[in-house]
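Enquirer: Output the structure for:
(chains A and B)
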Amino acid sequence: MTTVAERPDVARADGPRRARSRSDRLGIYLLLLPSLLPIVVLSVFPLVRGIYLGFTDARAGRNVEISFTGLANYRELLGDELFWNSFKIGLLWAVGVTVLQFVLALGLALLLNQQLRFRGLARVLAVVPWAMPPVVVGILWKLVYHPDAGLLNEFFHRVGADGLRTNWLGDFSTALPAVILVGVWAGMPQTTVVLLAGLQGVPRELHEAAAVDGASTWHRFRNVTLPAIAPVVVAITSLDFIWNFNSFGLVYVLTAGGPGGKTMLPMLFAYEEAFRYGNYGYAAALGNVMVVIIVALLAVYLRRRLREAN
Amino acid sequence: MFGKPSRTGRTLQYVALTGYLIFLGFPLVWLLSTAFKPPRELVRLHPTLIPSNPTVQNFVQAFTEQQLGRAALNSLQVSLASAVLTVLVALPASYALARFRTRLGTVALGWVLLSQLFPFVLLIIPIFLILRQVGLANTHAGLVLIYVVWALPFALWMLQGFVRNIPRELEEAASVDGASRLQVLRRVVFPLLAPGIVATALFSFISAWNEFFFALVLVKTPELATLPVALARFVGIEGTARLGPLAAGSLLATLPSLIFFAVMQRRLSSGSLAGAVKG
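Expert: Below is the predicted model:
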């Protein structure tokens, strides 16, 4: 891939672009057109329109007049207790899942990077949840959490801890943690694979040198491994955070936001607003707020990481 | 990597690994076990990990009673169409992106990253309105269109990488030998690109097969529902005896992606596909 840069007709900054003839350029655009057209029509345009809808009173139904209402939606959001509630749950969910995912995935990646037995089995198992459709992951864990026929309650019965048996997804206090655990299970594989790839890129010599200098395992991890995989860590945790904040299918299947709104993630809330109550404008406004929040949180996170790196 | 760990260190490592294996594996075993349990075992007060009288009745029931068969066919249709269309649309553009540097290409790839940030709510309402205007709401064609657009950015990125791996000298040699541009593409580029095309097609097939949100919102007629939506509806019908067919249907819905991952295992472990497949 890197050799391309040396090819005279591609990369030399001044030469090719100017030298490229008009018909060539037309040809290139013709090649790009079939891809660009659908992206513009069904991705760029809807997004711009979606952002705009957040500043209107758009509602479901044909031939409904849409009028620009400025910040009215946002004023309403500020006073909407249900929104604040869902927003808090969303933050708890996204931060909780991302952090746990990262910690557990790092541990697993470190283990998989060693010469251990059953490593192959662990590698396969670590990828399976990734291959499952989110809906199936939801169903799978519904079976595990099932109050009567579930694996978890039966386990507690077998070890003689019947007092711990509960309706995991239906109980007010356990629903959110239970759902977060599923999120971790579903997203851990991908994070593990990425971190493992990062670990395998850490030069061996660094470790050996540090070991010769008498650094303990922890010190070597802290001062050699971690700095070396830092860029990978920042990239995957940022992506995980975005994905988790925007996730929908998993929790929709598990709890549909219940019990009593205890797991009502912002995406579920927006979905209900838009497609149950038909408040398109309000739902889009919610989407806009979510984008702003994600960008703001990421900016803070990335700035801190960058400062640490310097 | 950490030199030779002590004996206790090793033991701790195995304890941790066992913990991971249980956490990752047991839910899967439970799904398998539930799928093969007859109704009587499902409603038993204390269920067992291994079914004592395994049966395939649940699979039969999933298809006959719950119309999961039809949903699976719908999913197959939509996913196949998405895969073929994505490749056809992405092929010329990825060639252009790999062989010529254009600002347009950079912008397009930048959009890929940017679009990850935006929640689906912002996209889905306008898309729904557009599709309704052109009469494609509540149709498979509309869904396919969305899936192609959804898979395109990554497909482009993936395919252009494959194009770059084809030495340009091969193309030059062919044209020196008097082959026309089209002949060069057909005889030299496409055959070498076959693995890349297969990988891209598989990727878009799986992302369409697993997708839930768009399918839920855009298709309202129950007969047109795709497999994930049908399964999610099935969850609504509670009753412990129903869990068997539900588990059986879920297992079948996972098969295509499992096969895909088995095929791509090598690439995945090398990390080059990491960040690719996310529902």
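
Enquirer: quick one, longest helix in chain A?
Expert: helix A:81-112 (DSSP state H).

Enquirer: Which positions in it come out as buried?
Expert: For helix A:81-112, a neighbour-count test (16 or more other C-beta atoms under 10 Å in any protein chain shown) marks A:83, A:86-87, A:89-90, A:93-94, A:96-98, A:100-102, A:104-112 as buried. C-beta coordinates here come from the backbone N, C-alpha and C atoms, glycine included.

Enquirer: tell me, which of those residues make contact with chain B?
Expert: A:Leu104, A:Gly107, A:Leu108, A:Leu111 (C-beta under 8 Å from any C-beta of the partner chain).

Enquirer: Of those residues, just say which sits nearest to A:Gly278.
Expert: A:Leu104 (40.5 Å; C-beta to C-beta).

Enquirer: With adjacent residues omitted, what lies nearest to the closest one?
Expert: Nearest residue to A:Leu104 in three dimensions, chain neighbours excluded: A:Met188, at 5.6 Å (C-beta to C-beta, 6 or more residues apart in numbering or on different chains).

Enquirer: Could you tell me the angle between the helix or strand harbouring the one you found and helix A:81-112?
Expert: Taking DSSP states H and E as the criterion, A:Met188 maps to helix A:175-200. Comparing the axes of helix A:175-200 and helix A:81-112 via axes from the mean of the first three to the mean of the last three C-alpha atoms, to 10 degrees yields an angle of 40 degrees.

Enquirer: Does helix A:175-200 pack against any helices or strands, and if so which?
Expert: Using 3 or more C-beta pairs under 8 Å, 6 or more residues apart in numbering or on different chains; DSSP states H and E as the contact test, the elements touching helix A:175-200 are helix A:81-112, helix A:119-131, helix A:134-145, helix A:226-245, helix A:249-254, helix B:7-35, helix B:243-269.

Enquirer: Pull out the buried residues from that helix.
Expert: Buried-residue list, helix A:175-200, by 16+ other C-beta under 10 Å: A:175-176, A:178-199.

Enquirer: for that helix, the distance to its chain's centre please.
Expert: Centroid separation for helix A:175-200 versus its chain: 10 Å, with C-alpha atoms, centre = their mean, to the nearest Å.

Enquirer: what is the rounded mean pLDDT of that helix?
Expert: The pLDDT scores in helix A:175-200 average 91.

Enquirer: same question, stretch A:204-222
Expert: 82.

Enquirer: hmm, it touching chain B?
Expert: Yes. Applying C-beta under 8 Å from any C-beta, one finds stretch A:204-222 in contact with chain B at A:Arg204, A:His207, A:Glu208, A:Ala211, A:Thr217, A:Arg220, A:Phe221.

Enquirer: okay, that stretch in PDB with CA atoms only?
Expert: Extracted as PDB, the C-alpha positions of stretch A:204-222 are listed here (Å, rounded to 0.1, in the frame of the first residue of the first chain):
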ATOM      1  CA  ARG A 204       9.700  -7.600  22.200                       C
ATOM      2  CA  GLU A 205      13.000  -6.000  22.600                       C
ATOM      3  CA  LEU A 206      11.500  -3.200  24.700                       C
ATOM      4  CA  HIS A 207      10.200  -5.800  27.200                       C
ATOM      5  CA  GLU A 208      13.400  -7.700  27.300                       C
ATOM      6  CA  ALA A 209      15.400  -4.500  27.900                       C
ATOM      7  CA  ALA A 210      13.000  -3.500  30.700                       C
ATOM      8  CA  ALA A 211      13.200  -7.000  32.300                       C
ATOM      9  CA  VAL A 212      17.000  -6.900  32.200                       C
ATOM     10  CA  ASP A 213      16.800  -3.500  34.000                       C
ATOM     11  CA  GLY A 214      14.900  -5.300  36.700                       C
ATOM     12  CA  ALA A 215      11.400  -3.800  36.100                       C
ATOM     13  CA  SER A 216       8.600  -5.700  37.600                       C
ATOM     14  CA  THR A 217       5.700  -7.100  35.600                       C
ATOM     15  CA  TRP A 218       3.500  -4.200  36.600                       C
ATOM     16  CA  HIS A 219       6.100  -1.700  35.800                       C
ATOM     17  CA  ARG A 220       6.700  -3.200  32.400                       C
ATOM     18  CA  PHE A 221       3.000  -3.100  31.700                       C
ATOM     19  CA  ARG A 222       2.600   0.400  33.000                       C
END
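
Enquirer: Name the residues of that stretch that come out as buried.
Expert: For stretch A:204-222, by 16+ other C-beta under 10 Å, it's A:His207, A:Ala210, A:Ala211, A:Ala215, A:Thr217, A:Arg220, A:Phe221.

Enquirer: How about B:Leu28: what's its closest non-neighbour residue?
Expert: That would be A:Val128: by C-beta to C-beta, 6+ apart, it lies 6.2 Å from B:Leu28.

Enquirer: no, scratch that, I was asking about B:Val217
Expert: Nearest one to B:Val217, counting by C-beta to C-beta, 6+ apart, is B:Ile124 at 5.6 Å.

Enquirer: so which strand or helix has that neighbour?
Expert: Going by DSSP H and E, B:Ile124 is part of helix B:120-133.

Enquirer: on that earlier part again, so which of the helices and strands packed on helix A:175-200 gets nearest B:Gly161?
Expert: Nearest to B:Gly161, of these and by C-beta to C-beta, is helix B:243-269 at 11.2 Å.

Enquirer: mind listing what's buried in the closest one?
Expert: In helix B:243-269, counting by 16+ other C-beta under 10 Å, buried: B:243-254, B:256-257, B:260-261, B:264, B:268-269.

Enquirer: Those: which ones sit near chain A?
Expert: Residues of those in contact with chain A (C-beta under 8 Å from any C-beta): B:Leu243, B:Leu246, B:Ala247, B:Ser250, B:Ala253, B:Thr254, B:Ser257, B:Phe260, B:Phe261, B:Leu268, B:Ser269.

Enquirer: Save those as a markdown table, and put in pLDDT too.
Expert: Formatted as a markdown table, these follow (pLDDT from 0 to 100):
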| residue | pLDDT |
| --- | --- |
| B:Leu243 | 84 |
| B:Leu246 | 88 |
| B:Ala247 | 89 |
| B:Ser250 | 91 |
| B:Ala253 | 90 |
| B:Thr254 | 89 |
| B:Ser257 | 81 |
| B:Phe260 | 74 |
| B:Phe261 | 74 |
| B:Leu268 | 47 |
| B:Ser269 | 46 |
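
Enquirer: Next one: the strand or helix carrying A:Leu36, is it in contact with chain B?
Expert: A:Leu36 is part of helix A:22-39, with elements assigned from DSSP H and E. Yes. With C-beta under 8 Å from any C-beta as the criterion, chain B is reached by helix A:22-39 at A:Asp24, A:Ile28, A:Tyr29, A:Leu30, A:Leu31, A:Leu32, A:Leu33, A:Pro34, A:Ser35, A:Leu36, A:Pro38, A:Ile39.

Enquirer: looking at the residues you listed, which has the most residues close by?
Expert: When neighbours are counted by other C-beta atoms under 10 Å in any protein chain shown, A:Ser35 leads those with 26 neighbours.

Enquirer: ok, that residue to B:Pro126 distance?
Expert: Using C-beta to C-beta, to the nearest Å, A:Ser35 is found at 20 Å from B:Pro126.
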